[in-house]
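1. Predicted structure and sequence below. I'll ask about it afterward.
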Protein chains: 2
Amino acid sequence: MKVLVTGGAGFIGTNLCNELRSRGHKVIACDLYNTERDDFIRCDVRNYRQLEKVFDEYGPFDYVYHLAAEYGRWNGEAYYENLWQTNIIGTKHIVRLQEKYKFRMIFFSSAEVYGDYEGEMKEAVMQENSIKDTYQMNDYAISKWAGELMCMNSAKMFGTETVRVRPVNCYGPHEEYTPYRGFIPKFIYHALFDKPYIVYKGHKRIIDFVEDTCRTFANITENFFCGDVYNIGGKVEWEKDIKEYSDIILKAVGRDDSIITYKESEGNTTKIKTIDFSKSIKDLKHDPKIDPEEGIKRTVKWFKWFYRIEK
Amino acid sequence: MKVLVTGGAGFIGTNLCNELRSRGHKVIACDLYNTERDDFIRCDVRNYRQLEKVFDEYGPFDYVYHLAAEYGRWNGEAYYENLWQTNIIGTKHIVRLQEKYKFRMIFFSSAEVYGDYEGEMKEAVMQENSIKDTYQMNDYAISKWAGELMCMNSAKMFGTETVRVRPVNCYGPHEEYTPYRGFIPKFIYHALFDKPYIVYKGHKRIIDFVEDTCRTFANITENFFCGDVYNIGGKVEWEKDIKEYSDIILKAVGRDDSIITYKESEGNTTKIKTIDFSKSIKDLKHDPKIDPEEGIKRTVKWFKWFYRIEK
C-alpha cells in the first residue's frame, strides 16, 4: 500500500512511519520543516498548494494518516491562531483532497473531545449522551471535535471513507520535551535534568506505549471500518496514580524524589477518567504489550540518547 | 453606553448600529473595508493588532456586539479558510480582549447549530439532547457552535460575561444580494432583474424583519442575562410556505411568475423547521411587529433604491 503520513516527523508520526515501513508499505511523510529523512517532504498543511504538491509528486495514496496538528490544551490556548489554521483549515484541505482523490483517511482526534465527561468514555458517548455532558473545554478539544464533524459531513455528502481515532495518553520515544507536553515526558525531562516538578496525588491515568499504539494504527489498513471511531490506549489493569508513574520514572532515571513537591489533588480535577478500549481491541486487534515499567525504561533510554546524557 | 459593533457595515450590523444610536448609545462600528461612515474604523477581526487598535483608540466599551463573520453554509464551504479565520480566530481574539477589558459581549451564533434536528428547536436542545441529534452539517454551523463553546469556556475560566444569540431567517434593507444569501434577497433580486429562479414547494419558513430583530438585539443592553442564549426570529403565526413568500415578493415587485420554475420539494429537506422563540420574548422583550407582507414591501423598496431601479 502507498501511505501518506502528515505530521510524519512528529512524535506519533515518526513511530507510525517506522511501523508502516516495517510492514512493507511505501510511506511518504510530510511535516513543517525540512529534515534529513528519506521519503520525506516539507509541507505545511495550512497551505493548500504545498499539500497539493505532495499529491502531485508522490500520489496517489491508498491511505492518508492525518496526524499534522497543534497538540495540547495549553499549547492551543497560547497559540490558537496556529491551532485553528493547522487543525481545522489543514484538515479541511485534506478532506477536499480526499473528495478529489478518494484515498482512505485515518483522522487523529483526541479523547479530549469527551470534555469533562465523568462516566465511562465509550465511543458512543459522542452520539448518545446529552450535549452538555461533553462540552469541549478548550480550543484544542473543540478543534478535534470540529475535525471529526468535518470528516463525517464529507462522508455523508461525498462518500469519503474515514476512520477516526482518539488516542489516550500515548508516550514513548521521539516525544521531545516542551512545557506543553504531557506528564510522562515532563517528569522524565525534569528528573534527568535535576529540575523540580510537582506531583498531584489522587489522579489516576492509563498510559499507552507509542509502539503499541502505532501497531494498532497500522492495523487499520487491514481492518478499515469506514465511518467508525476508536478510543486507543493502554490496558485498564495498568491504571496507576500519577505518583506511581513518577516513582517508576525516578527509578528508571536512578535518582531520589528530592526535586518533587507532592500536593493534594486540585479541587476540580480529582476525577478518575475511565475509558473503554474494547472496540479497538475487537475491531483493530489493539493489543498493548509494553507495560508502564518497561515503556518508561525505554523512554528514559531514548531521552538520554536524544539529549546526549551519559549516565 | 459605549458600544462596539464588529461587522458593523454588514447587513445586520448596519441596522443594529442605527437602532443603538437611536437610543442614544455611543456606537463605534468596525468592518473589513474603509467606508464613508462616521464613527467607523476599518478592522479585520482576523488580525489581533487591528482589533487591539480599535480598543486603544476608541475603548473602553461597555458592550461589544460581535457580528463579524463569514455567513452561510455554501459560502463557508467555498471559502472555508476565510470562514475559520474570521469566525473562530477572530472570535478568539475578541474573547481574549474581553478577558483583558471585561466588556459584556453579545455573540452572534446561528440556528444552524441545531444541525438537522427534527424536533422543536428550543435553546435547551443544545444542552439536553443527544449529541447526534444536532451534529452540525457544514463548516459554517460547526464554526458557530465552536464559537459558542469558546464563549462558555472563557466565562467559566475567566468570568467573562457573554450572551449568545441565534438569529433565524433575518431579512430586510441593507442585505445586498450575492448567490450565498438567503431565499428572500435571492427572490427579490431575481424578480427585479428578470432572472429565473426555482421555488421548491412544501418548505415552510418563519422570517424576521431586521429592524424587529435589531430592536431585540439592542434590548440586550437592558436585559443582560449573563451566560444565556436565545433564538431570535419572527412570529410563529407568520410561518409560510416558500411559495407564498415568492408570491408576496412578485406582488411587491409588480410582476408575474413567468421567471419561476416550481419544483416538488427535494427528498431530504422537506422537513418543517419549528423553532421556539418564547425565551427571547420573555427575557429580551422580543416583539416582532412588521409582518412578512410589509417587511418584504420595505425590502423591495430598499433593493430598488440600492440597485438604482426606477419602476
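-> All right, it came through fine.
2. Residue A:21 reaches residue A:29, doesn't it?
-> No: with contact defined as CB atoms under 8 Å, residue A:21 and residue A:29 do not form a contacting pair (9.8 Å). To be clear about C-beta, it is placed using only N, CA and C from the backbone, and glycine gets the same treatment.
3. which of the two has more neighbours?
-> residue A:29 (28 against 16; other CB atoms under 10 Å in any protein chain shown).
4. And for the nearest residue to that one once chain neighbours are set aside, the neighbour number?
-> Nearest residue to residue A:29, sequence neighbours excluded (CB to CB, 6 or more residues apart in numbering or on different chains): residue A:8, at 2.5 Å. For residue A:8, the neighbour count with other CB under 10 Å is 27.
5. next one: residue A:62
-> 15.
6. Next: residue A:218.
-> 24.
7. Quick check: it touching residue A:21?
-> No: the pair residue A:218 / residue A:21 is not scored as a contact, 9.7 Å apart, by CB under 8 Å.
8. quick one, helices of the stretch 201-311 of chain A?
-> A:210-219, A:242-253, A:278-283, A:292-306 (DSSP state H, counting those that start in this stretch).
9. With distance to chain B added, can I get those helices in JSON lines?
-> Listed next are the helices of the stretch 201-311 of chain A as JSON lines, based on distance: least, CB to the nearest CB, whole Å:
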{"stretch": "helix A:210-219", "distance to chain B": "25"}
{"stretch": "helix A:242-253", "distance to chain B": "23"}
{"stretch": "helix A:278-283", "distance to chain B": "17"}
{"stretch": "helix A:292-306", "distance to chain B": "32"}
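10. deepest of these, which one?
-> helix A:210-219 (a mean of 24; mean count of other CB atoms under 10 Å in any protein chain shown).
11. Tell me where the model's unsure across chain A.
-> Chain A contains residues with pLDDT under 70 at A:266-271, A:311.
12. and with 90 instead?
-> Across chain A, the ranges flagged by pLDDT under 90 are A:118, A:201-203, A:264-274, A:310-311.
13. centre of the chain versus the strand or helix carrying residue A:84, how much separation?
-> Under the criterion of DSSP states H and E, residue A:84 resides in helix A:80-84. Relative to its chain's centre, helix A:80-84 lies at 17 Å (CA atoms, centre = their mean, to the nearest Å).
14. what packs against the longest helix seen in chain A?
-> For chain A, the longest helix by residue count, based on DSSP state H, is helix A:139-158. Contacts defined by 3 or more CB pairs under 8 Å, 6 or more residues apart in numbering or on different chains; DSSP states H and E place helix A:139-158 against helix A:73-78, helix A:80-84, helix A:91-101, strand A:104-108, strand A:161-167, helix B:139-158.
15. Highest mean neighbour count across the ones you listed, which stretch is it?
-> Taking mean count of other CB under 10 Å, strand A:104-108 is the most buried of these, at a mean of 24.
16. Sheet partners, orientation included, of the helix or strand just after that one?
-> Where DSSP H and E defines the elements, the next helix or strand beyond strand A:104-108 is strand A:120-121. Under the criterion DSSP bridges, strand A:120-121 sits next to strand A:274-275 (parallel) in its sheet.
17. hmm, who's touching the strand it pairs with?
-> The contact list for strand A:274-275 (CB atoms under 8 Å, 6 or more residues apart in numbering or on different chains) reads A:111, A:119-121, A:168, A:206, A:231, A:233.
18. again, 6 Å this time
-> Here strand A:274-275 makes contact (CB atoms under 6 Å, 6 or more residues apart in numbering or on different chains) with A:120-121, A:168, A:231, A:233.
19. Buried ones among those residues?
-> Buried members of the contacts of strand A:274-275, scored by 16 or more other CB atoms under 10 Å in any protein chain shown, are A:121, A:168, A:231, A:233.
20. Show me what from the stretch 1-150 of chain A comes close to chain B.
-> A:80-81, A:84, A:88-89, A:92, A:126-132, A:136-137, A:142, A:146, A:149 (CB under 6 Å from any CB of the partner chain).
21. of the contacts of strand A:274-275, closest to chain B?
-> residue A:121 (13.0 Å; CB to the nearest CB).
22. Which residues does that closest one form beta bridges with?
-> residue A:275.
23. What of residue A:108?
-> residue A:165.
24. thought it was touching residue A:68?
-> No: applying CB atoms under 6 Å as the test, residue A:108 and residue A:68 come out as separate, 8.7 Å apart.
25. C-alpha coordinates for stretch A:167-187, CSV please?
-> Output of stretch A:167-187 as CSV, limited to C-alpha atoms (Å, rounded to 0.1, in the frame of the first residue of the first chain):
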residue,chain,number,x,y,z
PRO,A,167,-5.6,8.3,21.3
VAL,A,168,-5.3,8.5,25.1
ASN,A,169,-2.0,9.3,27.0
CYS,A,170,0.3,7.9,24.4
TYR,A,171,4.0,8.2,25.4
GLY,A,172,7.4,7.0,24.4
PRO,A,173,10.5,7.6,22.2
HIS,A,174,10.6,10.6,19.8
GLU,A,175,8.5,12.8,22.0
GLU,A,176,10.7,15.7,22.7
TYR,A,177,10.0,17.7,25.8
THR,A,178,8.3,21.1,25.7
PRO,A,179,6.3,22.6,28.6
TYR,A,180,3.2,21.8,26.6
ARG,A,181,3.8,18.0,26.6
GLY,A,182,2.1,15.5,28.9
PHE,A,183,3.2,14.4,32.4
ILE,A,184,5.4,11.5,31.3
PRO,A,185,7.9,13.4,29.2
LYS,A,186,7.7,16.3,31.6
PHE,A,187,8.6,14.1,34.6
